[in-house]
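In: Need the 3D shape of this:
(one chain, ligands or ions: 1)
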Amino acid sequence: MTNELTNLTLKSALDGLKKKEFSSVELTQAHLDAMEAHRDLNAYILETPDQALAQAKRSDEKYASGDNAPLEGLPLGIKDLFCTKDVQTTAASKILEGFKPQYESTVTQKLLDDGSVFLGKLNLDQFAMGSANTTSYFGNVINPWTRNDGKNSQLVPGGSSGGSAAAVSAGLCLAATGTDTGGSIRQPASFCGLAGIKPTYGRCSRWGIIAFASSLDQAGPITKTVEDSALLLQSMSGFDPKDSTSANKAVPDFTSQLGQSVKGLKVGIPKEYFMDGMPEEIVKLWNKGKEWLRAEGAEIVDVSLPHTKYALPTYYIIAPAEASSNLARYDGVRYGLRVPGKDINETYKNTRAEGFGEENIRRIMIGTYVLSAGYYDAYYIKAQKVRRLISEDFMKAYEKCDVLLTPTAPSAAFAIGENEDDPIKMYLNDVFTVPASMAGVPGMSVPAGFDAHGLPLGLQILGKPWDEATVLQVGHAIEKAAALNLSPYTHQESAA
Ligand code: GLN
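Out: Numbering: from 1, shown residues only. Have a look, this model is predicted:
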């Protein structure tokens, strides 16, 4: 159930608003109707229709008076990891149910300042820990795409920004915010046939985003097109003195290189990403990507990232270590849930045992273990050293090339329940996305093809630090060459 207005890209909706082809109230109402019709996807934890329509009305007035901002009147969905003033923010956890922040995250404030309209808060894996959006306290999200085998199994949208990806794909918002710690923008974008970029660490402020692993967390957009990603990232980026890891760097025009030829660009193919047992269709997709770029005049070069195989194990030391520290603040005293006990210690224990999900507890236990006095050097310090080597791998590779091209994920979307029994299997989803997170370099997923069941598959473009513009340029070239029909509804009709 989509209509013309919910099929628009961010850019085409912006053009339509400027030309007064429709109003922001109409555009917003169309999305609110689609949200209601698609509640079965469970993409939103909270819908905020009254706020959205009030914002849309204000935007229409701005258009009438001619002082419209860059994203004026565009309805967006916000991952429920971003604190939104006076609007419930949960991180998809019971421990934060009912929490209404007294402040707005920097990134969402920037989007509001640029005139966008917020439709509601999007579902995610609890505290952004997961790759399938199955760990949310508010229930799993369903991918609007289904396999063309006639069985109609419900598929995961990827995670942790699964609500964001499902909502954009199904037309329940024009675009959405996501966050990416080890792949949570890129992998769901790949699973839902969307574009998504994790910028360089430090590009977007983390202030007011509920922290998972502070040295890895980055905000970014999930959108229908590469151009939309550039537009939204533009608004989300910029120095923020409230975040000590935010970089004081000028934000370039991310749209400036879109459509420019990739002729002469050097595209590196890291040989370590050819993993044993990699599905044939993923290898084929990767080769197709190379051919497209070569045909456009790019030079394909072989490069090596020798420490790739240590990225995932190292990530699963560093991310839980930081998570265990960040999640210490949820104690039943300051925010959300409180389950009283006979004394303060028992209150802590009761609250945390009942408030956190299983995956959160697993990570807290791993994290406190690797940070404990006896194991700190053996695990945490060692992992930090390996992380440095992983970073250096990238910097060496970038002496030979401008960007890297890899698959985004080792598979297409899988069925709900699959991979659920074995956390390690679930962690393998991020094998191609985690290294760039460890190195802090920008990475984007762009839809590039379909698997044997008609499900979307993404290719990943990784760039030099602060060079999102080239990542977007190459992503745009792939998007153009692939020329896919990426509506989950009409694609299946045409495939049937
Ligand atoms: N799937 C990874 C994890 O569970 C990454 C999540 C993320 O990027 N937020 O840690």
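In: alpha carbons only for contacts and neighbour counts from here, please
Out: OK.
In: Just the strands from the stretch 351-496 of the chain, written as ranges.
Out: 403-407, 443-450, 456-463 (DSSP state E, counting those that start in this stretch).
In: how about CSV for those strands, with mean pLDDT and mean neighbour count added?
Out: Formatted as CSV, the strands of the stretch 351-496 of the chain follow (pLDDT from 0 to 100; neighbours: other C-alpha atoms under 10 Å):
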stretch, mean pLDDT, mean neighbour count
strand 403-407, 98, 25
strand 443-450, 98, 29
strand 456-463, 98, 29
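In: Out of the ones you listed, flag the one nearest residue 349.
Out: The closest of these to residue 349 is strand 443-450. By C-alpha to C-alpha, the value is 38.8 Å.
In: So the closest one, near the ligand or not?
Out: No: Strand 443-450 stays clear of the ligand (C-alpha under 6 Å from any ligand atom), getting no nearer than 12.2 Å.
In: ditto for stretch 344-359
Out: No: using C-alpha under 6 Å from any ligand atom, stretch 344-359 stays clear of the ligand, coming no nearer than 8.6 Å.
In: Now do that stretch, average pLDDT.
Out: The pLDDT scores in stretch 344-359 average 97.
In: Same check on stretch 266-278?
Out: 93.
In: and what of stretch 291-309?
Out: The average pLDDT within stretch 291-309 is 98.
In: Could you work out the end-to-end span of that stretch for me?
Out: End-to-end distance for stretch 291-309: 26 Å, by C-alpha to C-alpha, to the nearest Å.
In: Pull out the buried residues from that stretch.
Out: Judged by neighbour count using 16 or more other C-alpha atoms under 10 Å, the buried positions of stretch 291-309 are 292-294, 296, 298-300, 303-309.
In: likewise stretch 338-354?
Out: Applying a neighbour-count criterion of 16+ other C-alpha under 10 Å, the buried positions in stretch 338-354 are 338-340, 347-352.
In: so which of the residues you listed comes closest to the ligand?
Out: residue 352 (19.4 Å; C-alpha to the nearest ligand atom).
In: Which residue lies closest in space to that closest one, excluding its sequence neighbours?
Out: Closest residue to residue 352 in three dimensions, ignoring its sequence neighbours and counting by C-alpha to C-alpha, 6 or more residues apart in numbering: residue 331, at 6.6 Å.
In: Quick check: that neighbour is in a helix.
Out: No: using DSSP: H, G, I helix; E, B strand; the rest coil, the assignment for residue 331 is coil, not a helix.
In: phi, psi of it?
Out: Backbone torsions of residue 331, given as degrees, to the nearest 10, read phi -120, psi 10.
In: ok, it - how many residues close by?
Out: Residue 331 has 22 neighbours, counted by other C-alpha atoms under 10 Å.
In: Against residue 346, how distant is it?
Out: 10 Å.
In: same question, residue 451
Out: Taking C-alpha to C-alpha as the measure, residue 451 falls 51 Å from residue 346.
In: swap in residue 231?
Out: The value you get for residue 231 to residue 346, if C-alpha to C-alpha is used, is 49 Å.
In: ok, now residue 221?
Out: Spatial separation of residue 221 from residue 346 under the definition C-alpha to C-alpha is 41 Å.
In: Over to residue 246?
Out: Distance of residue 246 to residue 346, given as C-alpha to C-alpha: 38 Å.
In: one step back: Serialize the buried residues of stretch 338-354 to JSON lines and add fields for secondary structure.
Out: Converted to JSON lines, the buried residues of stretch 338-354 look like this (three-state DSSP):
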{"residue": "338", "secondary structure": "coil"}
{"residue": "339", "secondary structure": "coil"}
{"residue": "340", "secondary structure": "coil"}
{"residue": "347", "secondary structure": "helix"}
{"residue": "348", "secondary structure": "helix"}
{"residue": "349", "secondary structure": "helix"}
{"residue": "350", "secondary structure": "helix"}
{"residue": "351", "secondary structure": "helix"}
{"residue": "352", "secondary structure": "helix"}
